[in-house]
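Novice: pasting the sequence and the predicted coordinates here, then a few questions.
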Amino acid sequence: MSIKSDHWIRRMAKSHDLISPFEPNQVKTNADGERLISYGTSSYGYDVRCADEFKIFHNINSAVVDPKNFDEKSFVDVKSDVCIIPPNSFCLARTVEYLKIPRDILTICL
């Protein structure tokens, strides 16, 4: 299996509704010309956007964290354009885009 090119991503997005909403080019500025964190199709893949909903993990209840059994009280729901992650924490985010990935394709999120 090889890394999929931007041409493959565009073709699959249009023919199989792979990404919705789909941006065929890389967007780096908004309508006013202000710089943005880029999103859309690039030569290195597809850059998704984080939505404005986050779950921020705060481990104040215990010194040990079981990754298979998180305590729901350890998460704080945040709805904001900005997410500030405290030290020794992490956050979960969802994307603006909905992805339908074929079973024979592997994706990497960085």
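Specialist: Nice, I can see it.
Novice: so where is this protein shaky, pLDDT-wise?
Specialist: 1, 61-63 (pLDDT under 70).
Novice: OK, contacts around the most centrally placed residue in the chain?
Specialist: Closest to where the C-alpha atoms of the chain average out (Cα atoms, centre = their mean) is Thr95, at 4.4 Å. By Cβ atoms under 8 Å, 6 or more residues apart in numbering, the contact list for Thr95 reads 48-51. (Each C-beta comes from the backbone N, C-alpha and C, glycine too.)
Novice: one more time with 10 Å
Specialist: For Thr95, the contacting residues are 19, 39, 48-51, 109, by Cβ atoms under 10 Å, 6 or more residues apart in numbering.
Novice: and Cys93, what helix or strand is that in?
Specialist: Rather than Cys, residue 93 is Ala. strand 90-95 (DSSP states H and E).
Novice: run a quick neighbour tally on the residue nearest to Ser20 when sequence neighbours are not counted.
Specialist: Excluding its sequence neighbours, the residue lying closest to Ser20 (Cβ to Cβ, 6 or more residues apart in numbering) is Tyr98, at 4.9 Å. Other residues near Tyr98 number 13, with proximity taken as other Cβ atoms under 10 Å.
Novice: can I assume Tyr98 is in contact with Asp17?
Specialist: Yes - here Tyr98 reaches Asp17: they are 9.1 Å apart, a contact under Cβ atoms under 10 Å.
Novice: just say helix, strand or coil for His7.
Specialist: Here His7 takes the helix state, with states given by DSSP: H, G, I helix; E, B strand; the rest coil.
Novice: ok, it - how many residues close by?
Specialist: 10.
Novice: tell me how far it lies from Arg103.
Specialist: Applying Cβ to Cβ, to the nearest Å, the value for His7 to Arg103 is 21 Å.
Novice: how about Cys50?
Specialist: From Cys50 across to Arg103, the span is 26 Å (Cβ to Cβ).
Novice: kindly report the same for Phe54.
Specialist: Distance from Phe54 to Arg103, by Cβ to Cβ: 29 Å.
Novice: so between these two, which is more surrounded?
Specialist: Taking other Cβ under 10 Å, Phe54 and Arg103 do not tie; Phe54 has more neighbours (20 against 5).
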